[in-house]
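Peer 1: Got a predicted structure here, sequence first:
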Amino acid sequence: MIIPHQQIAATTLESLLEEHALRDGTDYGEQEISLSTKVAQLRQQLEQGIIVLVYSELHESVNLVAKSELNLT
């Protein structure tokens, strides 16, 4: 189930974005990207509709997923 990010409390959304950024790793090659920059990039992708928040009832978890990866037919 897709959860509109606008319906998530700001502090909760920030925590979700930080957790995802940390899980994504910190090795960005030659140039390091700060956690705050990565979170800002994820927030921008959410606002642009590139990624969405998806709740899994099976796993009882929320994850960020590229909208292009979802079968929305």
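Peer 2: Perfect, I can see it now.

Peer 1: give me the low-pLDDT residue ranges for this protein?
Peer 2: Across the chain, the ranges flagged by pLDDT under 70 are 24-30, 72-73.

Peer 1: What segments of this structure are helices?
Peer 2: 10-23, 35-48 (DSSP state H).

Peer 1: so can I have CSV of the ones you listed showing distance to I2?
Peer 2: Every C-beta, even on glycine, is put in place using the N, C-alpha and C of the backbone. Shown next, in CSV, are those (distance: least, C-beta to C-beta, whole Å):
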stretch, distance to I2
helix 10-23, 14
helix 35-48, 11
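
Peer 1: Dump those to a markdown table, plus distance to Y55 and mean neighbour count.
Peer 2: Converted to a markdown table, those look like this (distance: least, C-beta to C-beta, whole Å; neighbours: other C-beta atoms under 10 Å):
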| stretch | distance to Y55 | mean neighbour count |
| --- | --- | --- |
| helix 10-23 | 11 | 14 |
| helix 35-48 | 15 | 14 |
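
Peer 1: Tell me which of the ones you listed lies nearest to V62.
Peer 2: Closest of these to V62 is helix 10-23, at 6.1 Å (criterion: C-beta to C-beta).

Peer 1: Contacts made by that closest one with the rest, please.
Peer 2: By C-beta atoms under 8 Å, 6 or more residues apart in numbering, the surrounding residues in contact with helix 10-23 are 5, 8, 35, 38-39, 42-43, 46, 53, 62-64.

Peer 1: What is the nearest of those residues to N71?
Peer 2: Distances from N71 to the contacts of helix 10-23, taken by C-beta to C-beta, are shortest for N63, at 15.6 Å.

Peer 1: Bridged to that closest one, which residues?
Peer 2: Going by DSSP bridges, N63 is paired in beta bridges with V54.

Peer 1: so what's it up against?
Peer 2: Per C-beta under 8 Å, 6+ apart, neighbours of N63: 20, 53-54, 56.
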